[in-house]
Every structure is written in C-alpha cells, then in structure tokens.
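# how would this look folded up:
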Amino acid sequence: GDWACEATLWTQWVHCGSLVAREDNVLLVVDASSFQRIVVASAMSSCAFSYCEGFIKLLNDTRREKLSDLDDPAMDIRTLAQDICGLFQRRHHQAVWYPSLSTTWF
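Next up is the predicted model:
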C-alpha cells in the first residue's frame, strides 16, 4: 500500500493540494493529536522521537518545490525506519516487530 500526509504526524504541515483516488481503495485516517499522545506515552517513544528527528531532517533537506504529501522515494524513509528501529532494538536487547513505518515534534 501507499500512504500520504505522514508529515502531519511529526510536524506542523500545510497540505500541498487535494488527494483524489483513481480507483476504489481503503483509507485509514490517523488523528495526529491522538497519535502523538499515544506515542509519547508508549515504551517506543525514544524510537519514535529518533524517527521523527530523522524524518524532519529529510524534510528540511528537500527543496521546497519538491515537498509533497505523497510518499517521496528520494526521502528513503523505509531505510530511516529500519536504521532507527534496528538501533533501538540493539540498545534494548529485545526483539520487536515493527509494522512498516511509512512521516518540529509537537
């Protein structure tokens, strides 16, 4: 699957346009405020904070005209998530399964 608007989870974000589906799909909507409250209270908060810092750095390194609400392969957030979560696992000596992570920390 694809995702859109991950930046709204991690920073103040102004959407770049309107999203229109070309075919039927399933849409999962995540309330950013609820997400942030849950993450801050979770045992995974340090992993999430590190991911957030990396995500914001990728956003800041992207030219303004290239910013998008859509998944940007140039940002390589899958590698960021794998690196951050792998580092977290090694620090805490635990095996944790992370669902695929796609996204100023509140």
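
# which ones are touching Leu80?
51, 54-55, 58 (Cβ atoms under 8 Å, 6 or more residues apart in numbering). All C-beta atoms are positioned from the backbone trio N, CA, C, and that covers glycine.

# how near is it to Leu70?
Separation of Leu80 from Leu70 (Cβ to Cβ, to the nearest Å): 17 Å.

# now Cys85
On the measure of Cβ to Cβ, Cys85 and Leu70 end up 23 Å apart.

# Of the two, which one has the most company?
Cys85 (19 against 13; other Cβ atoms under 10 Å).

# Am I right that that one sits in a helix?
Yes: with DSSP: H, G, I helix; E, B strand; the rest coil as the criterion, Cys85 is located in a helix.

# out of the contacts of Leu80, which are inside helices?
51, 54-55, 58 (DSSP state H).

# Give me the buried subset of these.
51, 54-55, 58 (16 or more other Cβ atoms under 10 Å).

# can those go into a markdown table with extra columns for pLDDT and distance to Met44?
Formatted as a markdown table, these follow (pLDDT from 0 to 100; distance: Cβ to Cβ, whole Å):
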| residue | pLDDT | distance to Met44 |
| --- | --- | --- |
| Tyr51 | 92 | 9 |
| Gly54 | 93 | 15 |
| Phe55 | 93 | 15 |
| Leu58 | 92 | 20 |
